[in-house]
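Compute the structure for the input listed below.
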Amino acid sequence: MADSKKIAVIGFGNIGSGVVEALYEKNFTGLELVKVVDIDLERPRPVTLPTGYLSTDWQAVVNDPSIDIIVELIGGIEPAGSVQLQALRNGKDVVTANKMLLAQRGQEIFSLASELKRRVGFRASFVGCHALIHEFQQAGVSARQFRRIYAILNGTSNYILSTMTRDGTEFEVALKEAQAKGLAESDPSDDVEGMDTASKIRILLSLITNSYQKVAPFPIEGIRDVTPQDIQYADELGYSIKLVGVIEQSNGVFNVAVHPALVPQASLLGSLEGAYNGTELEDEYGVVSGLVAPGAGVRPTTDAIIKDLLDIAGGNPLPMPSSAEQLVLGNTEDAQRRYYLRFSALDQAGVLAQISGLFGKHDISIAAVIQKEAVSKDFVPLVMTTHLAREGNVQAALQEVDRLQVVRARTRVIRILNADT
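Here you go, the predicted model:
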């Protein structure tokens, strides 16, 4: 295969095994697997390679001038970062699924790739929306041509919330089910605390803005505090609760966040069940489009990596940020949103008036109020939804509400995402 791109895969775990098996057995035109690197070459894998393919020395492989593309599937920050940077400096292209590395050190990696005119394929770092973003790039769509992107980007969290919705179970019960099915890690913190989604949002933002500059910190909230009661009340209001990554844009200023949200049940994201990812985009004309795809797994990730490799081998355009333009994030307190609020209040006259008065003081208009039957002798759940309100005003009002003697616990706050917000 004289004209084929010679490929080394570094990282021979589950994803690496899937990629190696595909490259070794399917004979893709223009692609030739020549080396596979891992620190442990003894454990059983679904594909068996001749000894000549195998190595434990990633530096020797990255420094081999005959290799054209390095596929980095180690994960984590190091040595993965060194593998990618050294490969680029040696004139090689890079393909990776390492969202954590790109979220933390993408500026360094992409700026070097741009300087050296090399390419970094990273579809596999956000499997659930890569096809949609690839279409944006081919069509020449810029970040300033959309109003918002709302995205479910973590299959583990979506599976847990779907299970809680279906069965009425507590978070910990749904988490254990996800772990038993191999859909959640033994330590699920990155998934359920929103960090995985945040990494993907950072990558997504860099791609749609064509900027490799590291974005400033933005609010990140996970799903551990979501209760079956919140899910039930949301359902009564016509919503599902999902972990959503938010990118909103107005005049070049971006509102970015990751948090649980009430989304309309009839929407693409609201109807998304199980370990799936989905993206919903509204363009400058108000037209909404979206995509649903498996959020993780060996096959979807392998497919994304192979697509990057084929694009590199074929000389096709490869989506990659190449600008040093600094992104401008809006003040979080100025974000306009609707809110779901659940109070734990004494069952006595005048409670609603006290809470409503404080909301009026902070210019927050109440859309609906639902008082549920007491679940405790100490308090009754009181559920409110608001019209559009400024985040800073809501937080200021809640500080005062939670100090009221008639309020027995910290108010539960979940944002509401509608197409008109």
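
Can you check what pLDDT the model gives residue 325?
What the model reports as pLDDT for residue 325 is 86.

now swap in residue 367 and tell me
At residue 367, the model reports a pLDDT of 94.

In this structure it contacts residue 383, no?
No - using Cβ atoms under 8 Å, residue 367 makes no contact with residue 383, being 11.2 Å away. Just so you know, the C-beta spots here come from the backbone N, C-alpha and C atoms, and that holds for glycine as well.

Next up, the contacts around the residue nearest the centre of the chain.
Taking Cα atoms, centre = their mean as the criterion, residue 197 is the residue nearest the geometric centre of the chain, at 2.6 Å. The contact partners of residue 197, taken as Cβ atoms under 8 Å, 6 or more residues apart in numbering, are 151, 153, 154, 157, 220, 243, 245, 258.

More neighbours: residue 367 and residue 383, which one.
Legend: neighbour count by other Cβ atoms under 10 Å for residue 367 and residue 383, higher for residue 383 (20 against 15).

Is the closest residue to that one other than its chain neighbours within a helix or a strand, and which one?
Distances taken as Cβ to Cβ, 6 or more residues apart in numbering put residue 370 closest to residue 383, at 4.3 Å, once the chain neighbours are dropped. Following DSSP states H and E, one finds residue 370 within strand 366-371.

that older thread, neighbours of the residue nearest to residue 383, how many?
13.

And it, how close does it get to residue 349?
Counting by Cβ to Cβ, to the nearest Å, the gap from residue 370 to residue 349 is 18 Å.

same thing with residue 92?
Computed as Cβ to Cβ, the residue 92 to residue 349 distance reads 73 Å.

who's more crowded, the two?
The neighbour comparison of residue 92 against residue 349 (other Cβ under 10 Å) goes to residue 92, with 24 against 7.

contacting residues around the more buried one?
Residues in contact with residue 92 (Cβ under 8 Å, 6+ apart) are 62, 67, 68, 69, 70, 118.

who touches residue 218 in this structure?
Taking Cβ under 8 Å, 6+ apart as the test, what residue 218 contacts is 198, 256, 257, 258, 329, 332.

And residue 32, by the same measure?
Contacts of residue 32 by Cβ under 8 Å, 6+ apart are 1, 4, 5, 6, 7.

and the spatially closest residue to residue 335 that is not a sequence neighbour, what pLDDT?
Excluding its sequence neighbours, the residue lying closest to residue 335 (Cβ to Cβ, 6+ apart) is residue 391, at 4.5 Å. For residue 391, the model assigns a pLDDT of 96.

and residue 304, how many neighbours?
Neighbour tally, residue 304, other Cβ under 10 Å: 25.

Please, which helix or strand holds it?
Secondary structure assignment for residue 304, by DSSP H and E: helix 298-314.

Over to residue 173?
Residue 173 belongs to helix 171-180, assigned by DSSP H and E.

okay, the very next helix or strand once past that helix in PDB with CA atoms only?
Counting by DSSP H and E, the next helix or strand C-terminal to helix 171-180 is helix 189-192. The C-alpha trace of helix 189-192 is given here as PDB (Å, rounded to 0.1, in the frame of the first residue of the first chain):
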ATOM      1  CA  SER A 189     -18.100  11.700  39.200                       C
ATOM      2  CA  ASP A 190     -17.000  13.300  35.900                       C
ATOM      3  CA  ASP A 191     -20.300  12.100  34.300                       C
ATOM      4  CA  VAL A 192     -22.900  12.900  37.000                       C
END
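
just the strands in the stretch 301-421 of the chain please.
Secondary structure of the stretch 301-421 of the chain (DSSP state E, counting those that start in this stretch): strands at 328-329, 336-345, 366-371, 380-386, 389-390, 412-416.

now for these, which one comes closest to residue 272?
Nearest to residue 272, of all the strands of the stretch 301-421 of the chain, is strand 412-416, at 16.9 Å by Cβ to Cβ.

Which neighbours in the sheet does that closest one have, and how are they oriented?
strand 253-264 (parallel), strand 336-345 (antiparallel) (DSSP bridges).

Most remote residue from the middle of the protein, which is it?
Centroid-distance maximum for the chain: residue 349 at 44.2 Å, with Cα atoms, centre = their mean.

all helices of the stretch 201-350 of the chain, in order?
Here the stretch 201-350 of the chain has its helices, by DSSP state H, counting those that start in this stretch, at 228-236, 298-314.

Lowest average pLDDT across the ones you listed?
Mean pLDDT per stretch puts helix 298-314 lowest among the helices of the stretch 201-350 of the chain, at a mean of 91.

contact partners of that helix?
By Cβ under 8 Å, 6+ apart, the list of residues contacting helix 298-314 reads 4-5, 7, 14-15, 17-19, 22-23, 28-31, 69, 71, 73, 93, 95, 97, 119, 121-124, 127, 130, 293-294, 316-318.

Generate a ChimeraX selection restricted to the buried subset of those residues.
Only the buried entries of the contacts of helix 298-314 go into this ChimeraX selection, using 16 or more other Cβ atoms under 10 Å:
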select :4,5,7,15,17,18,19,22,23,28,31,69,71,73,93,95,97,119,121,122,123,124,127,130,293,294,318
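
mind listing which of the contacts of helix 298-314 are in helices?
Among the contacts of helix 298-314, the members falling in helices (DSSP state H) are 14, 15, 17, 18, 19, 22, 23, 130.

Pull the contacting residues for the first one.
Looking back up the chat, that one is residue 14. By Cβ under 8 Å, 6+ apart, residue 14 lies in contact with residue 298.

Excluding chain neighbours, what is closest to residue 75?
Of all residues beyond its chain neighbours, the one nearest residue 75 is residue 98 (5.8 Å), with distances taken as Cβ to Cβ, 6+ apart.
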